[in-house]
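A.B. asks: Please find the sequence and the predicted model below.
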Amino acid sequence: MLTSNDIAKHLGISRATVSRALNNCGRISDDTRKRVIEAVAELGYEPNRAARALVGAKPEKSAFSFFSQPEYYWNVVKEGISFAHDQLKHFGFDFEMVESHIDKPEEQEEQLWKLYKNGVRVFAIAPNDPVMLDSTICKLSDSGVSVILFNVDVPSKNRLCYLGSDYHREGRLAGDTLARLLRRKGKVGAITFASPVLTISQRMDGFLSIMAQHPEYEIIIKQDYARSGQSAYEQTLAFIRDNPDLSGIFVCFGILEDVAAAVESAGFGGKIQLVGYELSNEVEQYIRRGIIDAVICNDPIMQGYYTTILLYNLSSLGHKPPTDDIRVKTEIVMRENLDPHIDERNRLSILKAITGGSSAHI
């Protein structure tokens, strides 16, 4: 990839001079600036990004806002954000990042207004509680703020773009997978929590729409779990004891490893077919031991990576997303294809090691 050093060598000037021209700062003659502009056009040095810098356009202040649980999932999202930032920071791109607790959706609302008062005008938001945050997003949009949503959409869709998964389809995929795995008739548990979180209810609706096609299974919905996962292990043990004829369990949110631990402790590993969402190191081990049968993944690395690119394009270049709905891939991970998927999770770290943190493209 062409660098500013290549332009400097081409023109016979210093790299610092090229940098001053690209960033429109420091003392530099009009003639030299013109030569740099012409070299940028001739050699193809990131022309769109460089052009904006050359005209001295000031980027809008931007920020990420998301909730921080489950931690293993959002750590992968942040890896994607970090890798994209490594590619773009050389163009002066930066942003603020705030996280809120999963059990405190009002905290995210407060953070957004604080960021707005501090001058942030471009947001990438993963709404903790989309119904609660809907009116805030509308008010921000009405105030001239550009909003990109990722991971979770809002009902009114008062935003420029949503980048993430189709959660109803995720639920249907989990239901279809579990129905194919079930080895005996009996009861199927569907574990969730009572709070009206849109993505979780969409998953459950999708799951139940598939299971309705299988009247041979009695569906028991358990929605008395805490969203934070507190006491999930103990609750699952009690659920299994009360229903020893369970054929399968569907876990609708991020407590899969706690449920798996209970299934294994109760001696039902391999007897109860267990399906849920997202890989963690612990989930990986339960898959290898045959306790978890399948996991549905929605590409958290690329959610972080591509959202950062959208944020940069909007705040630094003024380029709106090409569409208002961008869906990431959804995949089933089982023991047979686990190793390649673990490699996928490690991909950014490997690329960073290869490139020394430089701006290699995926």
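C.D. replies: Structure's in. What do you need?
A.B. asks: all strands for the stretch 51-200 of the chain, in order.
C.D. replies: 62-67, 96-100, 122-125, 146-150, 161-164, 186-193 (DSSP state E, counting those that start in this stretch).
A.B. asks: In JSON lines, list these along with distance to L338.
C.D. replies: Placement of C-beta: from N, CA and C, glycine included. Converted to JSON lines, the strands of the stretch 51-200 of the chain look like this (distance: least, Cβ to Cβ, whole Å):
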{"stretch": "strand 62-67", "distance to L338": "27"}
{"stretch": "strand 96-100", "distance to L338": "29"}
{"stretch": "strand 122-125", "distance to L338": "30"}
{"stretch": "strand 146-150", "distance to L338": "26"}
{"stretch": "strand 161-164", "distance to L338": "24"}
{"stretch": "strand 186-193", "distance to L338": "22"}
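A.B. asks: which one of these has the most crowded surroundings?
C.D. replies: Greatest average neighbour count among the strands of the stretch 51-200 of the chain goes to strand 122-125 (a mean of 26), per mean count of other Cβ atoms under 10 Å.
A.B. asks: how much distance is there from that strand to the middle of the chain?
C.D. replies: Computed by Cα atoms, centre = their mean, to the nearest Å, the chain-centroid distance of strand 122-125 equals 13 Å.
A.B. asks: what comes into contact with that strand?
C.D. replies: 60-66, 112, 115, 133, 137, 140, 145-150, 307-308, 310-311, 314-315 (Cβ atoms under 8 Å, 6 or more residues apart in numbering).
A.B. asks: I'd like to know the average pLDDT value across it.
C.D. replies: Mean per-residue pLDDT for strand 122-125: 96.
A.B. asks: got it, and stretch 320-335?
C.D. replies: Rounded mean pLDDT across stretch 320-335 is 93.
A.B. asks: Buried residues of it, list them for me.
C.D. replies: By neighbour count on 16 or more other Cβ atoms under 10 Å, the buried set for stretch 320-335 is P321, I326, V328, T330, V333.
A.B. asks: Distance across that stretch, terminal residue to terminal residue?
C.D. replies: Taking Cα to Cα, to the nearest Å as the measure, stretch 320-335 stretches 40 Å from start to finish.
A.B. asks: next one: stretch 224-241
C.D. replies: Terminal-residue distance, stretch 224-241 (Cα to Cα): 16 Å.
A.B. asks: mind listing what's buried in that stretch?
C.D. replies: Quick answer for stretch 224-241 (16+ other Cβ under 10 Å): Y225, R227, G229, A232, Y233, Q235, T236, L237, F239, I240.
A.B. asks: Could you list which of those belong to strands?
C.D. replies: Of the buried residues of stretch 224-241, the ones assigned to strands by DSSP state E are Y225.
A.B. asks: can you tell me which two in the buried residues of stretch 224-241 are farthest apart?
C.D. replies: The most widely separated members of those, counting by Cβ to Cβ, are R227 and I240 (21.2 Å).
A.B. asks: Quick check: which of the strands of the stretch 51-200 of the chain is nearest to D299?
C.D. replies: For D299, the closest of these is strand 161-164, at 9.2 Å, according to Cβ to Cβ.
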